[in-house]
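Engineer: sequence isn't available, so here's the structure alone:
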């Protein structure tokens, strides 16, 4: 039998992000997911090393890799639309759940349950999903910084609101990442060397 799961996953590179914004550098879902995985892994390590947490950093990275896979089916709905009102958010959540079921149906039965645990948010992994959410916001902030540095003023207000959203998460690990790693995104390559 033919299973379509990984063929669908490979289509992440065709899903562009930031559709309502003028971009100087395009960003696709595959690139974004990898960056979120790198950051989620780092957030977990920061929590473990500095806050005496016991996060599974590799699991955080794995959850982050797959966190937006339903967008292969739904596309990347821009945040201002997704959160415009409770009704739209509710309908979009239902659409995402249907897309998740569809993606999981593309797997053989003996693998499906393994991927259910990657796609679905559970209470047992609430803390890891909190790190993935923070990593997702940090990735968005990085995109805003990169666009601003390229002279694209269209991202200035997005940068301010994204930074505020990160602070609102009340995530110590994200605050450490902001303080220690984000400033270097404003440096040139020569300044970073």
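Structural biologist: Thanks, I have it. Nothing here was measured: the structure is a model prediction, and the numbers come from that model.
Engineer: what's the burial count for residue 99?
Structural biologist: 18 (other Cβ atoms under 10 Å). (Each C-beta comes from the backbone N, C-alpha and C, glycine too.)
Engineer: how about it, what does it touch?
Structural biologist: Taking Cβ atoms under 8 Å, 6 or more residues apart in numbering, we find residue 99 in contact with 70-74.
Engineer: and for residue 3?
Structural biologist: Residue 3 neighbours (Cβ under 8 Å, 6+ apart): 106-108.
Engineer: and residue 54, how many neighbours does it have?
Structural biologist: Neighbours of residue 54 using other Cβ under 10 Å come to 8.
Engineer: in the helix or strand where residue 89 lies, which residues are buried?
Structural biologist: When elements are assigned from DSSP states H and E, residue 89 belongs to helix 86-105. Neighbour-count burial for helix 86-105 flags 92, 96, 99-100, 103-104 (criterion: 16 or more other Cβ atoms under 10 Å).
Engineer: now that helix: average pLDDT?
Structural biologist: For helix 86-105, mean pLDDT is 89.
Engineer: check which element follows that helix along the chain.
Structural biologist: Helix 86-105 is succeeded, C-terminally, by helix 109-119 (DSSP H and E).
Engineer: quick check: mean pLDDT across that following helix?
Structural biologist: Helix 109-119 carries an average pLDDT of 94.
Engineer: name the residues that touch it?
Structural biologist: 5, 62-63, 66, 69-70, 100, 103-105, 107.
Engineer: could you redo the last one with a cut-off of 7 Å?
Structural biologist: 62-63, 66, 100, 104, 107 (Cβ atoms under 7 Å, 6 or more residues apart in numbering).
Engineer: look up how far residue 58 lies from the residue nearest to residue 146 when sequence neighbours are not counted.
Structural biologist: Leaving aside its sequence neighbours, residue 146 sits nearest to residue 25 (Cβ to Cβ, 6 or more residues apart in numbering; 6.3 Å). Distance, residue 25 to residue 58, using Cβ to Cβ, to the nearest Å: 29 Å.
Engineer: picking up where we left off before, export the contacts of helix 109-119 to TSV and tack on distance to residue 146?
Structural biologist: Shown next, in TSV, are these (distance: Cβ to Cβ, whole Å):
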residue	distance to residue 146
62	26
63	24
66	24
100	30
104	34
107	35
